[in-house]
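# return a 3D structure for these sequence lines:
(one chain, ligands or ions: 1)
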Amino acid sequence: MQQKINDLLRRVEEFAPQAAAEIEEFRIKMMGKKGEVTALMEEFKGVAPELKREYGQRINALKQATLAKINALKEEWAAKAEPDVKIEDMSRPGTAEQLGSRHPISIVKNEIIDIFARLGYTVAEGPEIEDDRHVFSSLNFPPEHPARDMQDTFFIEKMSNEPHVDDILLRTHTSSIQVRTMETQKPPIRVICPGRVFRNEAISYRAHCIFHQIEGLYIDRNVSFADLKQSLLYFAKELFGEKTQIRMRPSYFPFTEPSAEVDVSCNLCGGKGCPVCKGTGWLEILGCGMVDPNVLTANGIDPNEYSGFAFGMGVERIAMLKFGVKDLRLYFENDVRFLHQFDSVL
Ligand code: PHE
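You can find the predicted model right below:
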């Protein structure tokens, strides 16, 4: 019996399969119902009682060694196994991968961010659910001030009996990110703030209750209106082409003084007048101005030492002008026939 055990141990040790299938064959040959190791266990029943302990241990060791070897070989072969590919018909057309593409809003958003990145701006982000302080109070909207009605707000929760104080709402502009930046950073500040904003407006071909904005903020010593104008001219030329002109019209925002609205020359008619620019030759694209000293003070920045400018634009509107999209609702319907038209723009 000892001879048999040694014999089997040697065979287990020396077993070196040429193919994965041989491993299972070997297992059956050894450990199967009629296997050689199994037979040895049968034989063990007839061993003299005083030898049982010793042989029992040896047979067990053989069993363990056999199983360990088989498992190790199986793992080794599974790792190097080639996938079992059967090519039945080489002429059959392959299954095409459906490639997605970027949404036009993302395309334009990224382009705008890239342009400002070249001027040294970094991207800042913030929450869509905001409080009154970040959206209004810190931006020089006093409570009950009519300027609050410029942006129809979706209110979520009222946290105080005082009007507006601590209200929770959906941000109506990404200026809230600018406030958050001023709270946490010291000048010089140069950030661009992209994000989704919400206003309680009736949905039509030119307005939606959800849209995307990109706002910018630049604060440093000696920042002037000339810097603002030059930065926006550079931006307009990069986005709409070298020949693009801008003009500024006086406007009002609570958080900037002076404030302006910026138009770019219509790139469809070259300024002569067409239906898109409604015959004026100009297209309105953004609001801007010098940051109001009240806003700087409210956010812990000394207006005697620092000045700055801010600007904000709607991404949907710019994408409409760039791609000639006539209905803003198309951006939100996600009809692939519409989206596929932008496959090659990237
Ligand atoms: N926050 C303004 C809006 O949403 C846009 C803006 C930003 C205007 C910065 C001026 C300066 O209407």
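# tally of neighbours for residue 277?
Per other Cβ atoms under 10 Å, the neighbour tally for residue 277 reads 21. Heads up, the C-betas are built off the backbone N, CA and C, glycines and all.
# what about this structure, any weak spots by pLDDT?
Along the chain, segments meeting pLDDT under 70 span 82-85, 163-164, 346.
# which strand residues bridge whichever residue of it sits closest to the ligand?
For the chain and the ligand, the shortest gap (Cβ to the nearest ligand atom) falls at residue 312, measuring 2.8 Å. Beta bridges link residue 312 to residue 215, residue 287, judged by DSSP bridges.
# surely it meets residue 215?
Yes - using Cβ atoms under 8 Å, residue 312 is in contact with residue 215, at 3.9 Å.
# which residues do these two both contact?
173-175 (Cβ atoms under 8 Å, 6 or more residues apart in numbering).
# which among those count as buried?
173-175 (16 or more other Cβ atoms under 10 Å).
# so what does residue 337 look like in phi/psi?
phi -60, psi -30 (degrees, to the nearest 10).
# now do the SS call for the residue nearest to the spatial centre of the chain.
Of all residues in the chain, the one closest to the mean position by Cα atoms, centre = their mean is residue 106, 10.4 Å from it. Taking DSSP: H, G, I helix; E, B strand; the rest coil as the rule, one finds residue 106 in the helix state.
# re earlier: from the buried ones among the shared contacts of residue 312 and residue 215, which land in helices?
residue 175 (DSSP state H).
# same list, the buried ones among the shared contacts of residue 312 and residue 215, but only the ones touching the ligand.
Restricting these to those near the ligand by Cβ under 6 Å from any ligand atom leaves 173, 175.
# let's have the buried ones among the shared contacts of residue 312 and residue 215 in CSV, adding distance to residue 254.
Converted to CSV, those look like this (distance: Cβ to Cβ, whole Å):
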residue, distance to residue 254
173, 11
174, 16
175, 10
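# tell me which of the buried ones among the shared contacts of residue 312 and residue 215 is nearest to residue 11?
residue 174 (75.5 Å; Cβ to Cβ).
# is stretch 224-234 anywhere near the ligand?
No - using Cβ under 6 Å from any ligand atom, stretch 224-234 never reaches the ligand; the gap is at least 9.7 Å.
# list the neighbours of that stretch that are in contact with it.
115, 119, 218, 246, 248, 258, 262, 286, 288-290, 307, 309, 311.
# what do you get for stretch 239-259?
By Cβ under 8 Å, 6+ apart, stretch 239-259 touches 111-112, 115, 139-141, 145, 147, 175, 225, 229, 232-233, 236-237, 260-265, 267, 270-271, 282, 287-293, 295, 309-310, 318, 321-322.
# try stretch 286-301
For stretch 286-301, using Cβ under 8 Å, 6+ apart, the contacting residues are 137-140, 179, 182-183, 186-187, 217, 219, 223, 225, 228, 232, 248, 251, 253-262, 302-303, 306-313.
# swap in 7 Å and give it another go.
With contact meaning Cβ atoms under 7 Å, 6 or more residues apart in numbering, stretch 286-301 is reached by 138-140, 179, 182-183, 187, 219, 225, 228, 232, 251, 253, 255-262, 303, 306-313.
# weed out the non-buried ones from the residues you listed.
Here, 16+ other Cβ under 10 Å leaves 138-140, 179, 182, 187, 219, 228, 232, 253, 255-256, 259-262, 306-313 buried among the contacts of stretch 286-301.
# quick one, what contacts residue 17?
Counted by Cβ under 7 Å, 6+ apart, residue 17 has contacts 23, 26, 73.
# now do the SS call for it.
Applying three-state DSSP: residue 17 is coil.
# dihedrals phi and psi, it?
Torsion angles, degrees, to the nearest 10, at residue 17: phi -70, psi 150.
# going forward, the N-terminal residue is numbered 512.
New numbering, starting at 512: the last item is residue 528.
# re the thing from before, in helices, which of the contacts of residue 528 fall?
534, 537, 584.
# got the residues of the stretch 712-857 of the chain near the ligand?
726, 764, 767, 798-800, 821-823.
# what about the strands in this structure?
In the chain, the segments counted as strands under DSSP state E are 633-634, 640-642, 666-668, 679-681, 700-709, 721-731, 757-764, 767-776, 793-802, 818-825.
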